[in-house]
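> Next input, structure requested:
(one chain, ligands or ions: 1)
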Amino acid sequence: MIVVMAANNAEAFSSVFRPVHSATAFEETMERILRAIALGVVKQGERLPGERELAAMLRVSRATLHEALGALREVGIVESRRGRTGGSFVARMPVLAELVDPDLPVTAERLEDVFTFRRVVEVGAAEAAARRDLDEEAVSALRERLAASLSAPIPEYRAADSRLHLAFAEATGSQHLVATVAEAELALHKLLDATPVIASKLRHSNLQHQAIVDAIVVGNPLAARTAVEVHLDATAALVRGFYGPDPVSARTAAVASMHRSGRTGSRRSGERAASTGTTTTAKAGR
Ligand SMILES: [Zn+2]
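The predicted model follows:
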């Protein structure tokens, strides 16, 4: 069955197939297509836009697009069909770990490490903040960060979210806690970068944030603890779901498949990750 691009889908297409940066054109082209599939802009069984059209949208060469589509064929996500009704079709949904930056080693242990660390420091920070007798300035600082996150447009939401979480720590008056919460937020957002932003998740987060701020402001430590636990556990569940039950093996399979076909960009990334053991990527929009 062939489903062509509907006119009302054009906005979604131009959003996910936005131009890529030339230095990492192959990886970014793959990432855009994977993301389009993961987000359901092009569903399983549907046809991707034609190569000429897609290359123009992404502003990459046809050769780069061929290479990216070839890599996706190898991992079984895309299949090509010949003839007048042919083209590149979505054969299966990607495991989200395949969207992960190759520089960022993600294992189930790493996920749980980040979630455990974050839960301890941020739940503790909110409880400590709720135990303090906050002055008017501290209360309005919390309210302002909350309002900023509630009104943040989707591309800026994650940054506003992090600033709000930092405000919980700032309300404790402990610079050590601020630094530690910042570290926990950074670790989480490196993982979140590989997951799509989901509007319904943001609506839930907004309600959870309001409950946290209310509990801190009225000085209820137990309510503050519970509200942060609920919020962090919700995010952790979502991230676990996106990465799948065995993130590292899914990622290894994807990368190995690219290596077999001589994707030097990915191989370089793999070597860098192996030699440093850390990520060197700094993306905007956290
Ligand atoms: Zn949050």
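
> any weak-confidence spans in the chain?
Residue ranges of the chain with pLDDT under 70: 1-9, 11, 15-16, 18-27, 38-39, 75, 94-105, 195-200, 238, 241-286.

> all helices of it, in order?
10-16, 25-38, 51-58, 62-74, 108-131, 136-150, 154-170, 175-192, 199-218, 221-243, 247-260, 264-276 (DSSP state H).

> How is the chain partitioned into domains?
Under the assignment automatic domain parsing, the domains of the chain span 1-94, 108-243.

> Let me have the ones you listed in TSV, adding mean neighbour count as columns.
All C-beta atoms are positioned from the backbone trio N, CA, C, and that covers glycine. Output for the domains of the chain, formatted as TSV (neighbours: other C-beta atoms under 10 Å):
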stretch	mean neighbour count
domain 1-94	16
domain 108-243	18
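
> quick one on the thing from earlier: between the helices of the chain, which one is nearest to residue 85?
Comparing the helices of the chain against residue 85 with C-beta to C-beta, the closest turns out to be helix 51-58 (15.0 Å).

> Compute the inter-axis angle for the closest one and helix 62-74.
Counting by axes from the mean of the first three to the mean of the last three C-alpha atoms, to 10 degrees, helix 51-58 lies at 100 degrees to helix 62-74.

> quick one, helix 51-58 and helix 25-38 angle?
100 degrees.

> got the CA coordinates for helix 51-58 in CSV?
Taking Å, rounded to 0.1, in the frame of the first residue of the first chain, the C-alpha atoms of helix 51-58 are listed here in CSV:
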residue,chain,number,x,y,z
GLU,A,51,15.1,11.5,-3.1
ARG,A,52,15.2,14.7,-5.1
GLU,A,53,12.6,16.3,-2.8
LEU,A,54,14.1,14.9,0.4
ALA,A,55,17.7,16.0,-0.5
ALA,A,56,16.4,19.5,-1.2
MET,A,57,14.5,19.6,2.1
LEU,A,58,17.6,18.5,4.1
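
> elements contacting it?
helix 25-38, helix 62-74 (3 or more C-beta pairs under 8 Å, 6 or more residues apart in numbering; DSSP states H and E).

> Can you check which of those gets nearest to residue 170?
Short answer: helix 25-38, nearest of those by C-beta to C-beta, at 33.9 Å.

> Output the helices and strands packed on helix 51-58 in CSV, with distance to residue 181 appended to each entry.
Putting the helices and strands packed on helix 51-58 into CSV (distance: least, C-beta to C-beta, whole Å) gives the following:
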stretch, distance to residue 181
helix 25-38, 29
helix 62-74, 38
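
> so which of those gets nearest residue 226?
Closest among the helices and strands packed on helix 51-58, using C-beta to C-beta: helix 25-38, at 32.3 Å.

> Tell me which other helices or strands the closest one touches.
Using 3+ C-beta pairs under 8 Å, 6+ apart, helix 25-38 is in contact with helix 10-16, helix 51-58, helix 62-74, helix 264-276.

> quick one, it and helix 221-243 angle?
Using the same axes, to 10 degrees, helix 25-38 lies at 110 degrees relative to helix 221-243.

> Restrict helix 25-38 to CA atoms and write it as PDB.
Provided in PDB are the C-alpha atoms of helix 25-38 (Å, rounded to 0.1, in the frame of the first residue of the first chain):
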ATOM      1  CA  ALA A  25      25.600  15.500   7.000                       C
ATOM      2  CA  PHE A  26      25.400  11.700   6.900                       C
ATOM      3  CA  GLU A  27      24.700  11.200  10.600                       C
ATOM      4  CA  GLU A  28      22.200  14.100  10.700                       C
ATOM      5  CA  THR A  29      20.400  12.900   7.600                       C
ATOM      6  CA  MET A  30      20.000   9.500   9.300                       C
ATOM      7  CA  GLU A  31      18.900  11.100  12.400                       C
ATOM      8  CA  ARG A  32      16.300  13.200  10.700                       C
ATOM      9  CA  ILE A  33      14.800  10.300   8.900                       C
ATOM     10  CA  LEU A  34      14.800   8.100  12.000                       C
ATOM     11  CA  ARG A  35      13.200  10.900  14.000                       C
ATOM     12  CA  ALA A  36      10.500  11.300  11.300                       C
ATOM     13  CA  ILE A  37       9.700   7.600  11.500                       C
ATOM     14  CA  ALA A  38       9.800   7.600  15.400                       C
END
